[in-house]
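Engineer: generate a structure from the sequence data that follows.
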Amino acid sequence: MNYILADGPRREALLPFTFTRPVAEIRIGILTITEKWKRRLQTQLSFKTEAYLSEKYPMVSAANNIVIDASMVPNAEFAQLVQSLDVHEAVQYRDSIVAYHTQDVSAEPDFSKYRIKTFEGSLITIDYTWDIFSKNGEALQEDFDFITSERKSAPISDTNKLIAPENIFLEEGAIVEHSILNATEGPIYIGTQAEIWEGGLIRGGLALCEKAIVKMGAKIYGPTTVGPHGKVCGEISNSVIFGYSSKGHEGYLGNAVLGEWCNIGADSNNSNLKNNYAKVRMWNYETQGFDHTGLQFCGLMMGDHSKTAINTMFNTGTVIGVNSNIYVPGFPRNFIPSFSWGGASGFSTYMPKRAFEAAKVMMARRGKEFDEVEARILEHVFQLTKKWRNY
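Structural biologist: Residues are numbered from 1 along each chain as shown. Purely as a prediction, here's the structure:
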């Protein structure tokens, strides 16, 4: 069977993260949604996404295809139901069709002619950007249970203080020394060759993915995820940091999501709670306005390749697009479009040529190449986001 992960109707509400990736490539818990499906289905998958992303994330079609709404985070029960679909059968979850079997991926399905199977269980769904951190604890626990089932953790050094060690799992090559790990309120997963340096204060849940690093003296409260090759320090609470991003110094990050290749300067902080304790409103690209999140704690959303200088401050519920550079003292506005350069005193356009020069250097430091495919994607994003830049 050929499986395709489709962006579905939630893509616009998941910008800026889906400017540069399909919905399925969002990380929540330990794994990306793609990785979760690969492990559940034991097969490769492809993507039904925007045309400008398809060069990097192509779609593969076959005689028989099952198309899945990628905003659905799979569990065992849901994956089994999806696998059972025959031609002209579909799965409905709540009020939506979330998976269907088709022999013609290019045709718009007529679900009135489909046999509908209803999924009655409970699923994590990623409907808005803030769901990525607010549902991270549940997703982390599901991933932890799935990944570590019937497996034994690698040994952990006796220099550490462990609380609820049965909820702590180290992959081979992980290193943790002279730290306190408390997994009472959530599991702690340390990926292959990941490291927690001396003096780490960790309160789970925590997912520290492959080759990620927690620097000395960090204070991390769960549920937090640090993606592959990420580097963190300072104080972090209930945040999801995608791969290859750095918050390597002191400063607070809370109830936040950072895309890939982001860098947070030393002593930068975000607010995650309004002074009047009111529920937070946040920019939603789908509605083109500031929507109610329903959350009292809601911090920073930052798209790929965006960066801050030292001592940068962000108001509660700030959204930053792709390839922006914020460096002026003071609080900038709480919606910063992609390819913006500046801060509280004003912005100018961060032209792609300059932005790409920085991206090439940052990626080369991690052994990755900023290639023409990546450049074309970001050039397209630059054009897409012009309407929000009036400078």
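
Engineer: quick one: contacts for the nearest residue to residue 201 once chain neighbours are set aside?
Structural biologist: Computed as CB to CB, 6 or more residues apart in numbering, the closest residue to residue 201 that is not its neighbour in sequence is residue 219, at 4.7 Å. From N, CA and C alone the C-beta is placed, and that goes for glycine too. When contacts are counted by CB atoms under 8 Å, 6 or more residues apart in numbering, residue 219 touches 201, 234, 235, 236.

Engineer: for residue 243, list the residues it contacts.
Structural biologist: 27, 209, 227, 228, 229, 230, 260.

Engineer: by neighbour count, which of those wins?
Structural biologist: residue 27 (29 neighbours; other CB atoms under 10 Å).

Engineer: distance to residue 39 added to the contacts of residue 243, as a markdown table?
Structural biologist: Listed next are these as a markdown table, based on distance: CB to CB, whole Å:
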| residue | distance to residue 39 |
| --- | --- |
| 27 | 14 |
| 209 | 14 |
| 227 | 17 |
| 228 | 16 |
| 229 | 20 |
| 230 | 21 |
| 260 | 21 |
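
Engineer: please report the distance of the most far-flung residue of the chain relative to its centre from residue 102.
Structural biologist: In the chain, the greatest distance from the average C-alpha position (CA atoms, centre = their mean) is reached by residue 113, at 35.9 Å. Residue 113 sits at a distance of 11 Å from residue 102 (criterion: CB to CB, to the nearest Å).

Engineer: what is in contact with these two at once?
Structural biologist: Counting by CB under 8 Å, 6+ apart, the residues touching both residue 113 and residue 102 are residue 88.

Engineer: who does the helix or strand of the chain with the lowest mean pLDDT pair up with?
Structural biologist: Every helix and strand in the chain was compared by mean pLDDT, DSSP states H and E; the lowest is strand 325-328, with a mean of 91. Strand 325-328 pairs in its sheet with strand 307-308 (parallel), strand 340-343 (parallel), by DSSP bridges.

Engineer: for those, which one sits closest to residue 49?
Structural biologist: strand 340-343 (24.9 Å; CB to CB).

Engineer: which of the contacts of residue 219 sits closest to residue 42?
Structural biologist: residue 236 (33.7 Å).

Engineer: dump the residue contacts of the closest one.
Structural biologist: 218, 219, 220, 221, 224, 247, 252, 253, 254.

Engineer: nearest residue to the fourth one other than its sequence neighbours?
Structural biologist: Going back to what we said before, that points to residue 221. With CB to CB, 6+ apart, the residue lying closest to residue 221 is residue 237, at 4.3 Å.

Engineer: okay, and the beta partners of the one you found?
Structural biologist: Residue 237 has these beta-bridge partners by DSSP bridges: residue 221, residue 254.

Engineer: got the contact list for it?
Structural biologist: 220, 221, 224, 252, 253, 254, 255, 272.

Engineer: how much space separates the fourth one from residue 137?
Structural biologist: Using CB to CB, residue 252 is found at 19 Å from residue 137.

Engineer: swap in the last one?
Structural biologist: According to CB to CB, residue 272 and residue 137 sit 16 Å apart.

Engineer: what do you get for residue 207?
Structural biologist: 10 Å.

Engineer: looking at those two, which has the bigger crowd around it?
Structural biologist: Applying other CB under 10 Å to residue 207 and residue 137 shows that residue 207 carries more neighbours, namely 32 against 20.

Engineer: give me the three-state assignment for the more buried one.
Structural biologist: Secondary structure, DSSP: H, G, I helix; E, B strand; the rest coil: residue 207 is strand.

Engineer: hey, what's it bridged with?
Structural biologist: residue 189, residue 225.

Engineer: dump the residue contacts of it.
Structural biologist: 29, 30, 140, 143, 144, 189, 191, 224, 225, 226.

Engineer: where along the chain do the helices fall?
Structural biologist: For the chain, the helices defined by DSSP state H occupy 33-41, 76-83, 131-134, 136-148, 352-365, 372-384.

Engineer: picking up where we left off before, what's the closest of the contacts of residue 207 to residue 295?
Structural biologist: The closest of the contacts of residue 207 to residue 295 turns out to be residue 224 (CB to CB; 16.4 Å).

Engineer: burial measure for the closest one, as a count.
Structural biologist: Neighbour count for residue 224, taken as other CB under 10 Å: 28.

Engineer: correct me if wrong: it contacts residue 212.
Structural biologist: No: judged on CB atoms under 8 Å, residue 224 makes no contact with residue 212 at a distance of 11.1 Å.

Engineer: distance to residue 304 and pLDDT added to the contacts of residue 243, as CSV?
Structural biologist: Below are these laid out as CSV (distance: CB to CB, whole Å; pLDDT from 0 to 100):
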residue, distance to residue 304, pLDDT
27, 12, 98
209, 17, 98
227, 12, 98
228, 14, 98
229, 14, 97
230, 13, 97
260, 5, 98
